[in-house]
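Enquirer: fold the following, please.
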Amino acid sequence: MGSEREKIKEMEVMVAEVIQEAHDTATIVLFTGNDKLNYEPGNFLTIDPHQFPALERWVRFLEDQKGKKEPARAYSLTSSPDEKHLAITVKEERYISGVTPFPPLLSPILACRTFPGQRMVITGFTGPYTFTEKLRNQSEEVLHICAGSGIVPSYSIIKYDLRNFSKHKHTLIYSNKKFEDIIFYKQLNELEEQFPGRFKVIHTLTREEDESLFSEKIRKGRVSKELITEFLNDPEHTAVFACGPDHTVYQKKMAKEKGITLNPSFMGSVLSFLDELGVPKNMIKKESYG
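Expert: Numbering: from 1, shown residues only. So this is what the prediction gives:
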């Protein structure tokens, strides 16, 4: 395999299909004209907001406010290398006073205003959130702990590994606020049915009010140390993929200025629990956003 520099390239793609996954989340299927793309499950691509005419005034405004050029945004690949088309899944980010310093720029356009036939330029592919050969050899099982759109790279890894390898059993602990927020609910159930001995998914909902939804498979509350313990059979020989929100630099800065302590973030809590449970750091792959 070539170097990272050789792998990353710019290409024009066309939107082949837009699939609504949740009320604020869409999967964008991309046609590249190339059936042999060099990427690994868990990789991401980047999209430069400067290419969209509808965003020109927002880009200029935000660059004036920030005093620097708006960077390309990274989106994890939903697709896996054994599939014909590329795909990304984008959740619309919201502006929250005191949490986000500026209105989100690109995700609302991608999640809500992308249409089949639309063309765009992407740059890909890279990222360390991958199931490396070394990690495969060191592990017997795989535990994925994800929240919200953090499911995307793990979904790519899970389905690719189940279809193309036979060694590892995968367990997914997937956290969302409400049932309607779950991404890939149907697809994950189908994978469970297709690979009953190798894949198990446990959902956990933090703000769901409908008590009738809860069961052994759909738990109430946040991801806890006890929940992880339930599915972590061998801490030293389990590869762990953790992906979800963390505190932003802006949140930390505001908390410091106000003299308040932030509640533990999803990522901070999960990494702390894994450390307490004795999972070696070299067995953990992590990716956060915020």
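Enquirer: work out for me the element Lys252 sits within.
Expert: helix 249-258 (DSSP states H and E).
Enquirer: give the buried residues for that helix.
Expert: Of the residues in helix 249-258, those buried by neighbour count under the rule 16 or more other CB atoms under 10 Å are Gln251. (Glycine included, C-beta is placed from N, CA and C.)
Enquirer: what packs against the helix or strand that it is followed by?
Expert: Using DSSP H and E, the next helix or strand after helix 249-258 towards the C-terminus is helix 266-276. The contact analysis (3 or more CB pairs under 8 Å, 6 or more residues apart in numbering; DSSP states H and E) places helix 266-276 against helix 225-231, strand 238-245, strand 284-289.
Enquirer: got any ranges where the stretch 1-150 of the chain has weak pLDDT?
Expert: Applying pLDDT under 70 to the stretch 1-150 of the chain flags residues 1-7, 35.
Enquirer: now the helices for it?
Expert: Assigned by DSSP state H, counting those that start in this stretch, the stretch 1-150 of the chain shows helices spanning 4-7, 56-66, 107-112, 133-138.
Enquirer: which of the ones you listed sits closest to Ala147?
Expert: Ranking the helices of the stretch 1-150 of the chain by proximity to Ala147 (CB to CB) places helix 107-112 first, at 16.4 Å.
Enquirer: outside of that closest one, which residues touch it?
Expert: 24-26, 28, 47, 52, 54-55, 73, 75, 88, 90-93 (CB atoms under 8 Å, 6 or more residues apart in numbering).
Enquirer: now with 10 Å?
Expert: Applying CB atoms under 10 Å, 6 or more residues apart in numbering, the contact partners of helix 107-112 are 15, 18, 20-22, 24-28, 47, 49, 52, 54-55, 58, 73, 75, 88-95, 104, 120, 149.
Enquirer: on that earlier part again, mind checking which of the helices and strands packed on helix 266-276 is nearest Gly67?
Expert: Comparison of the helices and strands packed on helix 266-276 against Gly67 by CB to CB identifies strand 284-289 as nearest, at 23.3 Å.
Enquirer: how about that closest one as PDB, C-alpha atoms only?
Expert: The C-alpha coordinates for strand 284-289 follow below in PDB (Å, rounded to 0.1, in the frame of the first residue of the first chain):
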ATOM      1  CA  ILE A 284      -8.300   1.500  21.400                       C
ATOM      2  CA  LYS A 285      -9.100   3.400  18.300                       C
ATOM      3  CA  LYS A 286     -10.900   6.700  18.900                       C
ATOM      4  CA  GLU A 287     -12.400   9.500  16.900                       C
ATOM      5  CA  SER A 288     -14.300  12.500  18.300                       C
ATOM      6  CA  TYR A 289     -16.200  15.400  17.000                       C
END
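Enquirer: give the pairing partners of that strand; include direction for each.
Expert: strand 238-245 (parallel) (DSSP bridges).
Enquirer: what's the burial count for Leu277?
Expert: The number of residues packed around Leu277, counting by other CB atoms under 10 Å, is 14.
Enquirer: before we move on, what about the one 4 residues further on?
Expert: Taking other CB under 10 Å as the criterion, the count of residues near Lys281 is 10.
Enquirer: same deal with Asp246?
Expert: Neighbours around Asp246, by other CB under 10 Å: 18.
Enquirer: which ones are touching it?
Expert: By CB under 10 Å, 6+ apart, the contact list for Asp246 reads 252, 265-271, 286-290.
Enquirer: now swap in Lys159 and tell me
Expert: Lys159 neighbours (CB under 10 Å, 6+ apart): 41, 78-80, 82-83, 170, 184, 187-188, 190-191, 194-195, 199.
Enquirer: buried ones from these, can you make that a ChimeraX selection?
Expert: With 16+ other CB under 10 Å as the criterion, this ChimeraX line picks the buried residues out of these:
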select :41,78,79,80,83,170,184,188,191,195,199
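Enquirer: mind listing which of the contacts of Lys159 are in strands?
Expert: His170, Phe199 (DSSP state E).
Enquirer: ok, so of the contacts of Lys159, who is nearest Pro153?
Expert: For those, the nearest to Pro153 is Pro41 (7.5 Å; CB to CB).
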